[in-house]
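Asks: Give the three-dimensional model of this entry:
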Amino acid sequence: MKVSVIMGIYNCEKTLKESIDSLLNQSYQSFEIILCEDGSTDHTLQIAKEYVENYPQKIHLIQNETNMGLAYSLNRCIDSSKGEYIARMDGDDIAYENRLEKQMSYLEAHHECALVGSQVYLFNNTGIWGVRKPKIDPLKKDFLFSSQFVHPTIIIKKAILNQIGNYTVSKATLRAEDYELFMRLYAAGFTGHNLPDILLYYREDETTFKRRAYKYRLDEAKVRYNGFNKMKLMPLGLIYVLKPLIVGLIPQKVLTVLRRQGLGNETVDENPTRLYK
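Replies: Now for the predicted structure:
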(Lines give C-alpha, C1' and ligand atoms only; values in the text may rest on other atoms or scores of the structure.)
Protein backbone atom coordinates (compact mmCIF):
# COMPACT_ATOMS: atom_id res chain seq x y z
CA MET A 1 0.00 0.00 0.00
CA LYS A 2 1.11 3.55 -0.69
CA VAL A 3 -0.59 5.64 2.01
CA SER A 4 -1.20 5.36 5.73
CA VAL A 5 -3.97 7.68 6.94
CA ILE A 6 -3.32 8.51 10.60
CA MET A 7 -5.97 9.74 13.02
CA GLY A 8 -5.73 10.59 16.69
CA ILE A 9 -9.30 10.22 17.95
CA TYR A 10 -10.70 11.60 21.20
CA ASN A 11 -14.34 12.11 22.25
CA CYS A 12 -15.62 12.28 18.67
CA GLU A 13 -18.47 9.78 18.84
CA LYS A 14 -20.87 12.10 16.99
CA THR A 15 -18.62 12.69 13.99
CA LEU A 16 -16.24 9.72 13.71
CA LYS A 17 -18.42 7.51 11.51
CA GLU A 18 -18.86 10.22 8.89
CA SER A 19 -15.14 10.91 8.90
CA ILE A 20 -14.11 7.27 8.46
CA ASP A 21 -16.80 6.66 5.85
CA SER A 22 -15.46 9.54 3.76
CA LEU A 23 -12.12 7.71 3.69
CA LEU A 24 -13.56 4.32 2.90
CA ASN A 25 -15.35 5.87 -0.09
CA GLN A 26 -12.16 7.28 -1.64
CA SER A 27 -11.59 6.80 -5.37
CA TYR A 28 -7.94 5.98 -4.48
CA GLN A 29 -7.80 2.76 -2.48
CA SER A 30 -4.12 1.95 -1.88
CA PHE A 31 -4.21 3.01 1.76
CA GLU A 32 -4.70 1.88 5.33
CA ILE A 33 -6.30 3.76 8.22
CA ILE A 34 -4.57 3.80 11.60
CA LEU A 35 -6.62 5.06 14.54
CA CYS A 36 -5.07 5.94 17.90
CA GLU A 37 -7.78 6.20 20.55
CA ASP A 38 -6.61 8.70 23.15
CA GLY A 39 -8.54 7.86 26.33
CA SER A 40 -12.02 9.02 25.31
CA THR A 41 -14.81 9.22 27.84
CA ASP A 42 -17.63 8.75 25.32
CA HIS A 43 -18.32 5.93 22.81
CA THR A 44 -15.44 6.76 20.46
CA LEU A 45 -13.54 3.57 21.30
CA GLN A 46 -16.59 1.36 20.76
CA ILE A 47 -17.23 2.93 17.33
CA ALA A 48 -13.57 2.48 16.35
CA LYS A 49 -13.65 -1.20 17.35
CA GLU A 50 -16.75 -1.77 15.23
CA TYR A 51 -14.98 -0.38 12.16
CA VAL A 52 -11.91 -2.53 12.79
CA GLU A 53 -14.17 -5.58 13.06
CA ASN A 54 -15.92 -4.72 9.78
CA TYR A 55 -12.75 -3.69 7.90
CA PRO A 56 -9.91 -5.72 9.46
CA GLN A 57 -7.64 -5.44 6.41
CA LYS A 58 -8.13 -1.70 6.09
CA ILE A 59 -8.41 -0.23 9.59
CA HIS A 60 -6.09 -0.72 12.55
CA LEU A 61 -6.58 0.49 16.11
CA ILE A 62 -4.09 1.56 18.77
CA GLN A 63 -5.13 2.56 22.28
CA ASN A 64 -3.47 4.93 24.73
CA GLU A 65 -3.98 3.95 28.36
CA THR A 66 -4.60 7.60 29.25
CA ASN A 67 -5.08 10.82 27.32
CA MET A 68 -1.65 11.68 25.89
CA GLY A 69 -2.45 14.35 23.32
CA LEU A 70 -2.52 14.49 19.55
CA ALA A 71 1.23 14.62 18.81
CA TYR A 72 1.93 11.52 20.92
CA SER A 73 -1.00 9.66 19.31
CA LEU A 74 0.08 10.56 15.77
CA ASN A 75 3.64 9.40 16.44
CA ARG A 76 2.27 6.04 17.57
CA CYS A 77 0.31 5.83 14.32
CA ILE A 78 3.42 6.69 12.28
CA ASP A 79 5.44 4.00 14.08
CA SER A 80 2.77 1.42 13.16
CA SER A 81 2.28 2.59 9.57
CA LYS A 82 3.23 0.61 6.47
CA GLY A 83 2.70 3.25 3.81
CA GLU A 84 5.32 5.21 1.91
CA TYR A 85 3.25 8.34 2.53
CA ILE A 86 1.48 9.59 5.65
CA ALA A 87 -1.90 11.30 5.27
CA ARG A 88 -3.60 13.20 8.08
CA MET A 89 -7.26 13.16 8.96
CA ASP A 90 -9.26 14.17 12.03
CA GLY A 91 -12.26 12.43 13.53
CA ASP A 92 -14.59 15.36 12.91
CA ASP A 93 -13.67 16.31 9.32
CA ILE A 94 -14.94 14.95 5.99
CA ALA A 95 -12.79 14.23 2.93
CA TYR A 96 -13.90 14.59 -0.68
CA GLU A 97 -13.99 11.21 -2.42
CA ASN A 98 -11.12 12.20 -4.74
CA ARG A 99 -8.93 13.77 -2.04
CA LEU A 100 -6.26 11.04 -1.88
CA GLU A 101 -6.30 10.50 -5.65
CA LYS A 102 -5.58 14.15 -6.45
CA GLN A 103 -2.93 14.57 -3.79
CA MET A 104 -1.08 11.37 -4.61
CA SER A 105 -1.16 12.22 -8.31
CA TYR A 106 0.58 15.51 -7.53
CA LEU A 107 3.17 14.03 -5.16
CA GLU A 108 4.15 11.26 -7.53
CA ALA A 109 4.62 13.79 -10.34
CA HIS A 110 6.60 16.24 -8.16
CA HIS A 111 9.25 14.34 -6.25
CA GLU A 112 10.82 17.58 -5.04
CA CYS A 113 7.70 18.26 -2.95
CA ALA A 114 7.75 16.96 0.65
CA LEU A 115 4.08 17.45 1.44
CA VAL A 116 0.86 18.53 -0.19
CA GLY A 117 -2.29 20.05 1.31
CA SER A 118 -5.44 21.62 -0.09
CA GLN A 119 -8.08 24.29 0.32
CA VAL A 120 -11.02 23.51 2.63
CA TYR A 121 -14.63 24.37 3.29
CA LEU A 122 -15.22 25.54 6.87
CA PHE A 123 -18.37 24.07 8.37
CA ASN A 124 -20.28 23.55 11.61
CA ASN A 125 -23.53 21.84 12.57
CA THR A 126 -25.56 24.26 10.44
CA GLY A 127 -23.50 23.79 7.26
CA ILE A 128 -20.74 25.53 5.30
CA TRP A 129 -19.89 29.03 6.48
CA GLY A 130 -16.60 29.81 4.78
CA VAL A 131 -13.54 28.74 2.81
CA ARG A 132 -9.90 28.63 3.89
CA LYS A 133 -7.46 29.17 1.07
CA PRO A 134 -3.82 28.71 2.09
CA LYS A 135 -1.11 29.85 -0.30
CA ILE A 136 -0.36 27.47 -3.16
CA ASP A 137 3.43 27.50 -2.70
CA PRO A 138 4.23 28.85 0.78
CA LEU A 139 7.63 30.36 1.49
CA LYS A 140 9.38 30.55 4.87
CA LYS A 141 8.32 34.15 5.43
CA ASP A 142 4.66 33.18 5.02
CA PHE A 143 4.83 31.27 8.30
CA LEU A 144 5.33 34.53 10.18
CA PHE A 145 1.60 35.20 10.13
CA SER A 146 0.22 31.67 10.53
CA SER A 147 0.58 28.01 9.60
CA GLN A 148 0.47 27.60 5.83
CA PHE A 149 -1.18 24.16 5.70
CA VAL A 150 -4.52 22.93 7.01
CA HIS A 151 -3.31 20.04 9.15
CA PRO A 152 -5.90 17.33 8.28
CA THR A 153 -5.43 17.93 4.53
CA ILE A 154 -1.75 17.05 4.32
CA ILE A 155 0.00 14.05 2.82
CA ILE A 156 3.73 13.84 3.49
CA LYS A 157 6.52 11.42 2.66
CA LYS A 158 7.06 9.14 5.65
CA ALA A 159 10.85 9.10 5.18
CA ILE A 160 10.95 12.88 5.55
CA LEU A 161 8.79 12.79 8.67
CA ASN A 162 11.13 10.23 10.19
CA GLN A 163 14.15 12.28 9.15
CA ILE A 164 13.04 15.32 11.15
CA GLY A 165 11.86 13.27 14.14
CA ASN A 166 8.09 13.13 13.51
CA TYR A 167 5.85 15.26 15.76
CA THR A 168 7.29 17.04 18.80
CA VAL A 169 5.61 15.89 22.01
CA SER A 170 5.73 18.69 24.57
CA LYS A 171 3.47 21.00 26.55
CA ALA A 172 4.32 23.92 24.27
CA THR A 173 3.11 22.15 21.11
CA LEU A 174 -0.13 20.84 22.59
CA ARG A 175 -2.28 23.07 20.36
CA ALA A 176 0.36 23.86 17.73
CA GLU A 177 1.91 20.50 16.83
CA ASP A 178 1.18 21.03 13.14
CA TYR A 179 2.58 24.58 12.97
CA GLU A 180 5.74 23.47 14.76
CA LEU A 181 6.15 20.49 12.42
CA PHE A 182 5.76 22.55 9.25
CA MET A 183 8.29 25.14 10.43
CA ARG A 184 10.81 22.38 11.21
CA LEU A 185 10.26 20.96 7.72
CA TYR A 186 10.96 24.30 6.08
CA ALA A 187 13.93 24.96 8.38
CA ALA A 188 15.39 21.63 7.22
CA GLY A 189 15.13 22.73 3.58
CA PHE A 190 11.92 20.95 2.57
CA THR A 191 8.98 22.66 0.88
CA GLY A 192 5.30 21.91 0.36
CA HIS A 193 2.44 22.73 -1.98
CA ASN A 194 -1.29 23.37 -1.52
CA LEU A 195 -3.54 22.21 -4.34
CA PRO A 196 -6.04 24.87 -5.48
CA ASP A 197 -8.85 22.33 -5.06
CA ILE A 198 -11.17 22.15 -2.06
CA LEU A 199 -10.71 18.55 -0.88
CA LEU A 200 -11.91 18.58 2.74
CA TYR A 201 -14.71 19.85 4.94
CA TYR A 202 -12.91 21.26 7.99
CA ARG A 203 -15.04 21.52 11.12
CA GLU A 204 -14.58 24.84 12.87
CA ASP A 205 -17.22 26.00 15.33
CA GLU A 206 -17.56 27.67 18.74
CA THR A 207 -16.26 24.54 20.46
CA THR A 208 -13.07 24.80 18.42
CA PHE A 209 -12.52 28.39 19.49
CA LYS A 210 -13.26 27.71 23.15
CA ARG A 211 -10.45 25.13 23.26
CA ARG A 212 -7.96 27.90 22.57
CA ALA A 213 -7.41 29.01 26.16
CA TYR A 214 -4.94 31.83 26.77
CA LYS A 215 -2.31 29.44 28.13
CA TYR A 216 -2.21 27.85 24.68
CA ARG A 217 -1.65 31.30 23.18
CA LEU A 218 1.44 31.60 25.36
CA ASP A 219 2.63 28.20 24.19
CA GLU A 220 2.06 29.17 20.56
CA ALA A 221 4.20 32.27 21.10
CA LYS A 222 7.02 29.97 22.27
CA VAL A 223 6.52 27.71 19.24
CA ARG A 224 6.68 30.75 16.96
CA TYR A 225 9.84 32.07 18.60
CA ASN A 226 11.64 28.74 18.24
CA GLY A 227 10.36 28.13 14.72
CA PHE A 228 11.26 31.57 13.45
CA ASN A 229 14.75 31.15 14.91
CA LYS A 230 15.23 27.84 13.10
CA MET A 231 14.02 29.37 9.82
CA LYS A 232 16.30 32.39 10.34
CA LEU A 233 13.40 34.83 10.32
CA MET A 234 14.64 36.88 13.24
CA PRO A 235 14.61 39.70 14.28
CA LEU A 236 11.58 40.48 12.08
CA GLY A 237 9.82 37.45 13.55
CA LEU A 238 9.73 39.02 17.03
CA ILE A 239 6.77 41.16 15.96
CA TYR A 240 4.81 38.08 14.89
CA VAL A 241 5.67 36.14 18.04
CA LEU A 242 3.26 38.47 19.85
CA LYS A 243 0.34 37.80 17.48
CA PRO A 244 -1.33 34.93 19.44
CA LEU A 245 -1.02 36.92 22.69
CA ILE A 246 -2.77 39.92 21.15
CA VAL A 247 -5.47 37.81 19.50
CA GLY A 248 -6.06 36.04 22.82
CA LEU A 249 -7.12 39.34 24.39
CA ILE A 250 -9.92 39.87 21.87
CA PRO A 251 -13.36 38.71 23.20
CA GLN A 252 -14.47 35.39 21.70
CA LYS A 253 -17.68 36.83 20.23
CA VAL A 254 -15.69 39.50 18.41
CA LEU A 255 -13.24 36.90 17.05
CA THR A 256 -16.13 34.81 15.74
CA VAL A 257 -17.59 37.83 13.92
CA LEU A 258 -14.20 38.69 12.42
CA ARG A 259 -13.72 35.15 11.18
CA ARG A 260 -17.14 35.12 9.56
CA GLN A 261 -16.35 38.40 7.83
CA GLY A 262 -13.57 36.63 6.01
CA LEU A 263 -10.46 38.16 7.55
CA GLY A 264 -7.03 36.64 6.80
CA ASN A 265 -7.20 33.46 4.70
CA GLU A 266 -10.88 32.91 5.34
CA THR A 267 -13.58 34.03 2.92
CA VAL A 268 -17.27 33.48 3.41
CA ASP A 269 -19.02 31.30 0.85
CA GLU A 270 -21.90 33.53 -0.26
CA ASN A 271 -23.81 30.71 -1.89
CA PRO A 272 -23.16 27.57 0.16
CA THR A 273 -24.26 24.34 -1.46
CA ARG A 274 -25.22 21.18 0.34
CA LEU A 275 -22.48 19.98 2.65
CA TYR A 276 -21.51 16.78 0.84
CA LYS A 277 -20.31 16.38 -2.71
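Asks: contacting residues for the closest residue in space to Tyr10 that isn't next to it in sequence?
Replies: Distance criterion Cβ to Cβ, 6 or more residues apart in numbering; nearest residue to Tyr10, sequence neighbours excluded, is Asp38 at 4.2 Å. Bear in mind the C-beta positions are built from the backbone N, C-alpha and C, glycine included. Neighbouring residues of Asp38 by Cβ atoms under 8 Å, 6 or more residues apart in numbering: 8-10, 64, 67-70, 73.
Asks: Could you tell me the model confidence score at Asp38?
Replies: Model confidence at Asp38, expressed as pLDDT, equals 97.
Asks: What of the one 3 residues further on?
Replies: Here, the pLDDT recorded for Thr41 equals 97.
Asks: distance of it from Leu35?
Replies: To Leu35, Thr41 is 17 Å away according to Cβ to Cβ, to the nearest Å.
Asks: Between these two, which has more neighbouring residues?
Replies: Leu35 (28 against 10; other Cβ atoms under 10 Å).
Asks: Please confirm that that one is located within a strand.
Replies: Yes. Counting by DSSP: H, G, I helix; E, B strand; the rest coil, Leu35 falls inside a strand.
Asks: Residues in a beta bridge with it, which ones?
Replies: Met7, Leu61 (DSSP bridges).
Asks: which stretches of this protein form strands?
Replies: Ranges of strands within the chain are 3-9, 31-37, 59-63, 85-88, 94-95, 115-124, 127-132, 155-157, 192-203, 266-267, based on DSSP state E.
Asks: which residue is nearest the middle of this structure?
Replies: His151 (1.9 Å; Cα atoms, centre = their mean).
Asks: ok, and the closest non-adjacent residue to it?
Replies: Asp178 (3.8 Å).
Asks: quick one: contacts for that neighbour?
Replies: Neighbours of Asp178 in contact, by Cβ under 8 Å, 6+ apart: 147, 149, 151.
Asks: Kindly reformat the residues you listed as JSON lines containing pLDDT.
Replies: Converted to JSON lines, the contacts of Asp178 look like this (pLDDT from 0 to 100):
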{"residue": "Ser147", "pLDDT": "96"}
{"residue": "Phe149", "pLDDT": "98"}
{"residue": "His151", "pLDDT": "97"}
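Asks: What ranges in the stretch 151-277 of the chain fall below the confidence cut-off?
Replies: Filtered on pLDDT under 70, the stretch 151-277 of the chain yields the residue ranges 206-215, 247-277.
Asks: Kindly provide the distance from the residue nearest to the centre of the chain to Leu115.
Replies: In terms of Cβ to Cβ, His151 sits 11 Å off from Leu115.
Asks: Quick check: the residue nearest to the centre of the chain vs Ile246, distance?
Replies: From His151 to Ile246 the distance is 23 Å (Cβ to Cβ).
Asks: ditto for Lys133
Replies: Lys133 is 23 Å from Ile246, by Cβ to Cβ.
Asks: out of those two, which sits in the busier spot?
Replies: When Lys133 and Ile246 are compared on other Cβ under 10 Å, the one with more neighbours turns out to be Lys133, at 17 against 10.
Asks: Hmm, Gln119 and the more buried one touching each other?
Replies: Yes. At 5.0 Å, Lys133 and Gln119 qualify as touching, with contact defined as Cβ atoms under 8 Å.
Asks: if I look at the two, which residues touch both of them?
Replies: Contacts common to Lys133 and Gln119, judged by Cβ under 8 Å, 6+ apart, are absent.
Asks: Which residues does Ile198 form beta bridges with?
Replies: With DSSP bridges as the rule, Ile198 is bridged to Gln119.
Asks: ok, it - how many residues close by?
Replies: Other residues close to Ile198 by other Cβ under 10 Å number 19.
Asks: so who does it touch?
Replies: 96, 118-121, 131.
Asks: switch to 7 Å and redo it
Replies: By Cβ atoms under 7 Å, 6 or more residues apart in numbering, the contact list for Ile198 reads 118-121, 131.
Asks: repeat for Lys102
Replies: Contacts of Lys102 by Cβ under 7 Å, 6+ apart are 195, 197, 199.
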